[in-house]
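In: structure for the following, please:
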Amino acid sequence: MSKVQKNKKEKEDSLYTAAYDLFTTKGIHNTAISDIVKKAGVAKGTFYLYFKDKYDVLDKIILNKSTEILSIAIKKTNSEEFLNFEGKLLYFIDYIIEYLKENKLLLKLIYKDLSWGVIKKAYKDYKEINEIFGMFEEGFKDSNLDKEDIEKVLFMIIELTGSVCYNCIVLNEPADIDKMKPILFNTIKKII
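Out: The predicted structure is shown next:
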């Protein structure tokens with residue numbers, strides 16, 4: 001990487017980090033682009049070299065952070081031994097839940113966007129996302145489901161998990177996540 005490329009990457013990373021910090025502490029609506037560039041220590045025009053507006057940087061943060069959560073969860077899951085697909089899947093989901101419980105500000109920021117859309121956007125760039133697909137394909141290898149239907153099951157489980165986490169962890173509705181987790185797990189068992 002040349003010195004110019006390194007400098008550009010550092011500025012982009014600085015803007016990204018500043019936006020993430022401000023969005024999680026002040027909120028999206030209370031953060032102006034001028035706040036982001038001030039915290040990043042760059043000129044306002046530099047922001048527009050990398051992002052269209054603050055919602056563009058927000059979309060990139062959501063994609064990167066959501067993908068990071070899923071990647072960490074599948075790496076951790078793959079490092080364990082399981083007797084069956086159900087156990088492996090529930091461990092994977094539990095890891096995501098516990099991660100989000102510990103990172104409530106992150107969960108507020110990504111809102112309900114820990115979703116299928118994230119997986120579809122990230123699967124080409126992150127080998128771990130492909131490992132999630134692989135886990136599902138292996139889990140359903142003896143079923144009558146084709147690849148498209150397996151992806152639909154994955155869609156339902158990720159969407160359900162993201163939505164339940166947001167409502168239970170952030171809003172504490174209809175109950176806290178520890179009370180909802182057994183119900184969520186039973187629902188996932190029925191889906192698979």
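
In: for the rest of this, base every contact and every neighbour count on C-alpha atoms.
Out: Fine.

In: surely L15 and I36 touch.
Out: Yes. Counting by Cα atoms under 8 Å, I36 is a contact partner of L15 at 6.5 Å.

In: spatially central residue for the protein, please.
Out: Geometric centre of the chain, nearest residue: S66, 1.4 Å, by Cα atoms, centre = their mean.

In: thinking that residue is in contact with I110, fair?
Out: Yes. Using Cα under 8 Å, S66 is in contact with I110, at 7.3 Å.

In: elements contacting the lengthiest helix in the chain?
Out: Ranked by number of residues, the top helix in the chain under DSSP state H is helix 54-78. Helix 54-78 is packed against helix 3-25, helix 85-102, helix 104-110, helix 116-122, helix 127-139, with contacts defined by 3 or more Cα pairs under 8 Å, 6 or more residues apart in numbering; DSSP states H and E.

In: export the third one to CSV, keeping only CA atoms.
Out: Extracted in CSV, the C-alpha atoms of helix 104-110 (Å, rounded to 0.1, in the frame of the first residue of the first chain):
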residue,chain,number,x,y,z
LYS,A,104,-26.6,-2.6,23.8
LEU,A,105,-25.4,0.7,22.2
LEU,A,106,-24.4,-1.2,19.1
LEU,A,107,-27.8,-3.0,19.1
LYS,A,108,-29.5,0.4,19.3
LEU,A,109,-27.5,1.6,16.4
ILE,A,110,-28.1,-1.4,14.1
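
In: list of residues touching it?
Out: F23, T24, T25, I62, K65, S66, L100, Y166, I169, V170 (Cα atoms under 8 Å, 6 or more residues apart in numbering).

In: how close does K147 sit to P174?
Out: In this view, K147 and P174 are 34 Å apart by Cα to Cα, to the nearest Å.

In: who has more neighbours, the two?
Out: Legend: neighbour count by other Cα atoms under 10 Å for K147 and P174, higher for K147 (14 against 11).

In: and that one, what is it in contact with?
Out: Residues near K147 by Cα under 8 Å, 6+ apart: E137.

In: now F47
Out: Residues in contact with F47 (Cα under 8 Å, 6+ apart) are E12, L15, I33, V37.

In: now the buried members of these.
Out: By neighbour count, with 16 or more other Cα atoms under 10 Å, those hold E12, L15, V37 as buried.

In: out of the residues you listed, which is nearest to E138?
Out: E12 (38.6 Å; Cα to Cα).

In: right, and that closest one touches F51 too?
Out: No. The pair E12 and F51 does not pass the contact test of Cα under 8 Å, sitting 9.1 Å apart.

In: thank you, goodbye.
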